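Novice: mind looking at a prediction? Sequence and model below.
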Amino acid sequence: MQIVEVDGHDPVAYERFFRIRDDVRRAEQEFPVGLGLEETRMLFTADRPDERSNGLAVVNGDTWLGMAWLDWWLLENTHVLDVEIAVDPRFRRQGVATRLLDEVEARARADGRTLLTGSVIAEAETGTSSGTAFATAHGFVQKHTELHQVIDLPMDDAVVDALERKVPGYELLQWRDQTPPEWLAEFADAYTAMSRDVPHGDREVEIQVWTPERLVAREARRVEQGRFTHTTVAVDADGRLAAYTQMGGNRAVPERLYQYDTFVRPEHRGRGLGIAVKIPNLRSLQAELDRPAVLHTWNAPENAPMIAVNERLGFRAVDHRVAFELALS
């Protein structure tokens, strides 16, 4: 067995790397998630100021046994290396994952990183899996859990109508893909507030500070990847952005859609703004559906209000995403 590096510039090697990850997700998750082939390859090849990604694979001759996806943070959390490991089920319990983890640890230390982080999928009922067992056995400490919920689309119009509500004193605005220039500063500030406010559990996380320039670059990259985004915001009487929600996906995988952030500023909570922005955004998303799809969302258990909103919409729990950390000595 040998380690090979994958940077996305060799499309044949990258596809073999990608297929291991995608096949494992499809085999182990009732509702698999993940970006498409070209969408993810661009993350490896793009020049991004805030993050770089690359991959490692264990190969035996012409057989690819397992892979590790590495995300290196460049602005915030520069002490962290985020890793995801997947091994073809046919080659498990042969030391493949351990070989990958040893290589990842060595590279992290060489780059001055002091913390490995990663997430694994766990069963909805037990909160455990082969991934959680591997992480625990190798010294990782569980730091956080998010509940993964899904709903089948399109929803019945009568259900959507029954849940729709207007909140006096707020105006709803919508846009697609890229934020209008006049809202860039407000939306970047809301992104920063979301980064500060979202539950992190016991994880060591530095807050992401968003600027209009950083937001424009992120949205341009999404468009280049073939991704689409529907955004609905609530604006208060003073013209400030009080709440927002985003949903979307990739045209290459139209049956796999995502509820991204939903955020209500603390001073505007308790008024029903979460569901007030979600419903029109869902209408916008559904208006473009040409086939059945599954909408995915994740929330920390302590974010009970948002989970309750999702349950009212008809989302159901399917698994957990468990975050682990390993301090490097």
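Specialist: Here it is on my side, so go on.
Novice: hey, let's count contacts and neighbours off CA atoms from now on
Specialist: OK.
Novice: so, low pLDDT: which residues of this structure?
Specialist: Counting by pLDDT under 70, the chain shows low-confidence ranges at 199-204.
Novice: strands along that one, start to end?
Specialist: For the chain, the strands defined by DSSP state E cover 2-6, 51-60, 63-73, 80-87, 115-123, 141-153, 171-176, 227-235, 241-250, 256-264, 293-299, 316-327.
Novice: in a markdown table: those strands, plus mean neighbour count and distance to A135.
Specialist: Formatted as a markdown table, the strands of the chain follow (neighbours: other C-alpha atoms under 10 Å; distance: least, C-alpha to C-alpha, whole Å):
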| stretch | mean neighbour count | distance to A135 |
| --- | --- | --- |
| strand 2-6 | 16 | 21 |
| strand 51-60 | 19 | 18 |
| strand 63-73 | 21 | 14 |
| strand 80-87 | 22 | 10 |
| strand 115-123 | 21 | 8 |
| strand 141-153 | 20 | 8 |
| strand 171-176 | 16 | 39 |
| strand 227-235 | 23 | 32 |
| strand 241-250 | 24 | 30 |
| strand 256-264 | 21 | 27 |
| strand 293-299 | 20 | 21 |
| strand 316-327 | 21 | 7 |
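Novice: counting neighbours, what do you get for the nearest residue to D319 once chain neighbours are set aside?
Specialist: With C-alpha to C-alpha, 6 or more residues apart in numbering as the criterion, D319 has its nearest non-adjacent residue at 3.9 Å, and that residue is A124. Residues within reach of A124, counting by other C-alpha atoms under 10 Å, total 16.
Novice: so A124 touches R316, yeah?
Specialist: No: using C-alpha atoms under 8 Å as the test, A124 is too far from R316 to be in contact (10.4 Å).
Novice: if M247 is in a bridge, with which residues?
Specialist: Beta-bridge partners for M247, by DSSP bridges, are H230, Q259.
Novice: tell me the spacing between it and D261.
Specialist: Using C-alpha to C-alpha, to the nearest Å, M247 is found at 8 Å from D261.
Novice: Q286 now?
Specialist: Separation of Q286 from D261 (C-alpha to C-alpha): 18 Å.
Novice: find the nearest non-adjacent residue to V6, please.
Specialist: Using C-alpha to C-alpha, 6+ apart, the closest residue to V6 is G55 (4.8 Å).
Novice: ignore what I typed, I meant V87.
Specialist: The shortest distance from V87 to any non-neighbouring residue, by C-alpha to C-alpha, 6+ apart, is to G66 (4.0 Å).
Novice: beta partners of that neighbour?
Specialist: Bridge pairing for G66 - DSSP bridges - gives V58, V87.
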